[in-house]
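Colleague: With the input below, show me the fold.
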Amino acid sequence: MVDETQDPMPIFQVQVRVGENHINREPNCHLKVMYSMYPLTKLPPIPPPDVMYKMRNIHEEPFPGDVLEFLNIGRSVMDERDNVGQEFFRLLKTQKDITSNYRDLETRQNRVLHQLAELKKQVSTLCQFLKQSNGIPKLNENTTVKATTDCVSPQEPVRHIKMIVHADPDYLPYSVLALQKLWNDVDIRVTSYKHSSITASTQFTVPFQKSINSTAKTIIHSTLIWKQTKDLEVIIVDGCNIIGESNFLRYLSRLVDTHNYEKIHTQPHLLDTVLDWCYKTYEHLKTGGTYKEVDFNTVTRHFEKWANQPEPNIADFALWSLFKRFPPERKPKILDRWYDSCEKAFIDKVYA
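Modeller: Okay, the predicted model is just below:
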């Protein structure tokens, strides 16, 4: 039996310390740790919290490095914006000054150009007056001259037209002879050459005039090249070539306003009808056809309305040249009388 009044058996704690070879026995104390070790990490002292979430005091504590860098970038951007604004206003002011200077320069330039134009006009008038004064006989001392304010009108410049024409020496373009003789206000100068396709044995006479009309307002420089060709051909540098004597006469007529049949003739479509008939008949005869297959009614139907009306025209030249190259055995009587009159008016007796 155990006496419960006695003290219980004391509990001893065995504590082992590193570096010590003794056992500490302390009675009446509970066991805390078996082995006591040195701490590996020392934590800073943590004061007891006063609030749930503690905020940084921006007035006392400095900003971290990234925040300071961001603020510096913002300041530099603001400074750059101010500099750009100042530069813009400076350029705008400079542009206004440059524009004003350009306007003044343009005004002075226009004034100088206007003065030069007036001076040129006065010099031109003076030159024309001096040219005409050279041909006026000298006046006597007693001769009085009435002063006028009218200026001498300048003379119209001479118009030069150049063209290249290919023609067959066996079928001479006789219409050029009629043009040289009847178009008095046009100087047609023909210079002929022989193409290599023409043999040396080919004999032909160039009946074109070589006289120069000094009073003509239009000068046509025609380079005529004799060669083997299907029909008369006008070489146009910047366009399509013109084929046929009828179309050649149309082209010349439209170049000279005083002989433009579309303007001076009351019924130009009748002339076009005759010109087309001559073109087709030439092709028919050149390929071996005869006048028996040709209908003269197209020409004689309105003969009185187009022939020699009001004076010999390009339709007369084309039909007469066709009969010269391909003489018909028989033709309408009205064309007989007309042909005889054309022979007298269009060509000299030497080439008849």
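Colleague: So the residue sitting nearest the centre point of the chain versus Leu252, what's the distance?
Modeller: Centroid-nearest residue in the chain: Asp238, 15.6 Å away (criterion: C-alpha atoms, centre = their mean). Using C-beta to C-beta, to the nearest Å, one gets 18 Å for the distance from Asp238 to Leu252. C-beta here means a position set from N, CA and C on the backbone, and glycine is covered the same way.
Colleague: for Tyr35, same thing?
Modeller: Computed with C-beta to C-beta, the distance linking Tyr35 and Leu252 is 134 Å.
Colleague: Between the two, which has more neighbouring residues?
Modeller: Regarding Tyr35 and Leu252, a neighbour count based on other C-beta atoms under 10 Å identifies Leu252 as having more, with 25 against 8.
Colleague: doesn't Leu232 make contact with that one?
Modeller: No. Taking contacts as C-beta atoms under 8 Å, Leu252 lies outside contact range of Leu232: 11.9 Å.
Colleague: what separates Ala117 from Arg111, distance-wise?
Modeller: Applying C-beta to C-beta to Ala117 and Arg111 gives a distance of 11 Å.
Colleague: Please apply the same query to Thr94.
Modeller: Counting by C-beta to C-beta - Thr94 and Arg111 are separated by 26 Å.
Colleague: Then Arg189?
Modeller: Relative to Arg111, and taking C-beta to C-beta, Arg189 is found at 46 Å.
Colleague: and what of Thr223?
Modeller: Distance from Thr223 to Arg111, by C-beta to C-beta: 48 Å.
Colleague: So for the two, which residue has more residues nearby?
Modeller: In this view Thr223 and Arg111 are compared by other C-beta under 10 Å, and Thr223 has more residues nearby, 15 against 10.
Colleague: what kind of secondary structure is the more buried one in?
Modeller: For Thr223, the secondary structure call by DSSP: H, G, I helix; E, B strand; the rest coil comes out as strand.
Colleague: Skip the chain neighbours and tell me the closest residue to it.
Modeller: Nearest residue to Thr223 in three dimensions, chain neighbours excluded: Ile164, at 4.8 Å (C-beta to C-beta, 6 or more residues apart in numbering).
Colleague: Can I take it that that neighbour is in a strand?
Modeller: Yes. Assigned with three-state DSSP, Ile164 falls within a strand.
Colleague: What score does it have for pLDDT?
Modeller: Note on Ile164: pLDDT of 91.
Colleague: what bridges to it?
Modeller: Beta-bridge partners recorded for Ile164 (DSSP bridges): Thr223, Ile235.
Colleague: Is it in contact with Val234, as I believe?
Modeller: Yes. Counting by C-beta under 8 Å, Ile164 does reach Val234; the two are 7.2 Å apart.
Colleague: Between the two, point out the one with more neighbours.
Modeller: For Ile164 and Val234, the more surrounded residue by other C-beta under 10 Å is Val234, and the numbers stand at 20 against 16.
Colleague: any idea what sits nearest the more buried one, other than its immediate chain neighbours?
Modeller: Of all residues not flanking Val234 in the chain, Ile242 sits nearest, at 4.0 Å (C-beta to C-beta, 6+ apart).
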